[in-house]
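Novice: Based on what follows, work out the 3D shape:
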Amino acid sequence: MATNVHKISRSPLMVDAAAVLAGVDIGSTMVRVVLAEASGSRLDVIGVGSAPSLGVRHGVLVDADRLGSAIRQAVEQARVASGVHVDRVTISISGEHVDALQSQGAVAVEGKGGTISTMDRQSAIDAARTVAIPFEREVLHVLPRDFEVDGQQRIQNPVGMSGVRLGARVHIVTGGVTAVRNLVACVERAGYRVADLVLSPIAAARACLSDDELDMGVGLIDIGGGTADVVCFEEGAVVDTCIVPVGGQQVTGDLAVCLRTTWNHAEALKRQFALSEDDSLQVARVAGGSPERVAQAEAWEIIEARLEELFGLVSRGLDLPQRPIPRAGFVLTGGSCQLEKMATVAERVLGASTRIASPPVRAGVGDGLAQPEWSTAMGLVLTAHDAQSEGPTQLTTRFDSTAGRMRSWLEGLL
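Specialist: Numbering: from 1, shown residues only. Predicted coordinates:
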């Protein structure tokens with residue numbers, strides 16, 4: 001998990017275009033792009049861009065033209081900053097169409113002398129993924145949880161061990177075929193080849209979680225404008241994922257309705273919400289009504305009610321407290337996670353310690369990259385770097401086969 005990330009400024013002539021990785025975080029309110037140049041274990045961020053995401057609702061594409069325009073605008077900002085042409089991108093995916101299931105499978109060890117090889121490990125994973133998937137679903141990730149060698153369970157890496165039979169448990173993430181294909185088609189029609197596709201909270205986890213948290217067991221909640229995307233880890237492996245259809249936009253909508261103000265003013269109130277509940281806020285009424293002052297305590301009650309619903313849905317989605325609460329607690333990240341006292345509400349509802357996390361950028365913090373809203377975009381380039389330099393990690397699998405099938409489908413339309 002250790003990758004040095006730096007924010008730098010250098011001449012385009014000094015950038016190796018072949019080593020540039022592009023992460024495109026497609027959210028319900030914003031598209032964010034990070035370009036990074038890979039050099040060994042080091043990633044140099046060479047360009048960033050962002051644009052309002054007007055074609056996505058609750059993580060699902062609803063207007064391809066508007067989203068395509070937003071993607072081009074955000075990528076162009078990053079391209080101008082870096083001076084590097086962007087062709088291949090790693091994109092995020094979210095939305096209520098995303099689902100997951102657990103599966104397991106086993107194979108006979110074929111390694112020489114009964115020694116388990118990398119090929120045996122992959123064969124066990126392939127056996128575990130051989131499960132009936134409805135035709136309207138597309139497999140996005142097959143994430144190994146652990147392995148079993150001749151009855152010995154909970155083995156993290158069986159390669160090099162001896163045995164006769166190797167079993168694998170996996171967490172399979174699927175998406176609705178229509179939603180996934182439409183998203184990939186939109187990105188490719190915007191002019192960019194989809195190299196990989198990563199579930200948003202898995203990307204954010206790559207950017208925000210420490211090795212200790214992953215080993216102990218931790219939950220990450222990526223709170224965006226339209227959804228809260230959740231992933232849980234035990235002993236370094238993904239054990240659960242869920243998507244909650246509540247985010248910052250719902251908080252803004254509640255403020256607008258309850259305080260009888262405009263959406264834009266409600267959004268400003270949400271962002272400016274101060275610590276003290278004793279002070280009051282000036283609220284501009286709709287239809288030209290006279291501004292009024294409202295106690296912060298009243299505004300907080302509105303916000304708190306929606307946050308309690310959000311974390312209550314997370315709790316139910318993870319089947320808490322029937323299952324053990326992650327020992328390292330929960331980590332909040334994403335563009336909507338910085339609402340005042342959000343971590344406090346999360347701790348109360350989820351019954352676990354909670355912290356707010358940002359991607360660890362070593363320099364250039366002042367430009368905003370080391371902020372929660374950039375976690376997924378940073379995580380996308382980190383997972384792309386993992387796959388490029390080390391092969392697939394436990395956090396992500398290559399999207400090549402899925403992308404290849406979709407590309408064949410696209411070529412039939414274009």
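Novice: Check the offset of stretch 31-45 from the chain's centre.
Specialist: In terms of C-alpha atoms, centre = their mean, to the nearest Å, the centre of stretch 31-45 is found 17 Å from the chain centre.
Novice: what's the pLDDT at the closest residue to residue 39 other than its chain neighbours?
Specialist: Once flanking residues are discounted, residue 39 sits nearest to residue 19: 6.8 Å by C-beta to C-beta, 6 or more residues apart in numbering. From N, CA and C alone the C-beta is placed, and that goes for glycine too. Among the per-residue scores, residue 19 holds a pLDDT of 82.
Novice: do the one 4 residues further on as well
Specialist: Confidence per residue is given as pLDDT, and for residue 23 that number is 98.
Novice: Spell out the secondary structure type for it.
Specialist: strand (DSSP: H, G, I helix; E, B strand; the rest coil).
Novice: got a list of what it touches?
Specialist: 33-34, 36, 89-92, 203, 376-381, 384 (C-beta atoms under 8 Å, 6 or more residues apart in numbering).
Novice: go on, residue 318?
Specialist: By C-beta under 8 Å, 6+ apart, the contact set of residue 318 is 219, 230, 232, 240, 242.
Novice: of all those, which comes closest to residue 308?
Specialist: Within those, proximity to residue 308 (C-beta to C-beta) peaks at residue 230, which comes in at 16.1 Å.
Novice: Measure how buried the closest one is and give me the count.
Specialist: Taking other C-beta atoms under 10 Å as the neighbour definition, residue 230 ends up with a count of 21.
Novice: List only buried entries from the contacts of residue 23.
Specialist: Neighbour-count burial (16 or more other C-beta atoms under 10 Å) applied to those gives 33-34, 36, 89-92, 203, 376-381, 384.
Novice: where exactly do the strands run in the stretch 1-150 of the chain?
Specialist: In the stretch 1-150 of the chain, the strands defined using DSSP state E, counting those that start in this stretch lie at 4-7, 20-26, 30-39, 42-52, 56-57, 60-61, 88-93, 99-108, 137-149.
Novice: Could you identify which of those strands is most buried?
Specialist: The highest mean neighbour count among the strands of the stretch 1-150 of the chain, using mean count of other C-beta atoms under 10 Å, belongs to strand 20-26: a mean of 27.
Novice: What pairs with that strand, parallel or antiparallel?
Specialist: Taking DSSP bridges as the criterion, strand 20-26 sits next to strand 30-39 (antiparallel), strand 88-93 (parallel) in its sheet.
Novice: Tell me which other helices or strands the helix or strand hosting residue 348 touches.
Specialist: Of the helices and strands defined by DSSP states H and E, residue 348 is found in helix 342-350. Using 3 or more C-beta pairs under 8 Å, 6 or more residues apart in numbering; DSSP states H and E as the contact criterion, the secondary-structure elements in contact with helix 342-350 are strand 218-223, helix 296-317, strand 330-333, strand 354-356.
Novice: Residue 247 against residue 30, yeah?
Specialist: No: no contact is recorded between residue 247 and residue 30 when judged using C-beta atoms under 8 Å, the distance being 11.8 Å.
Novice: Find residues that contact each of the two.
Specialist: Common neighbours of residue 247 and residue 30 (criterion: C-beta under 8 Å, 6+ apart): residue 225.
Novice: that older thread, quick one: closest of the helices and strands packed on helix 342-350 to residue 372.
Specialist: The closest approach between residue 372 and any of those, judged by C-beta to C-beta, belongs to strand 330-333 at 4.5 Å.
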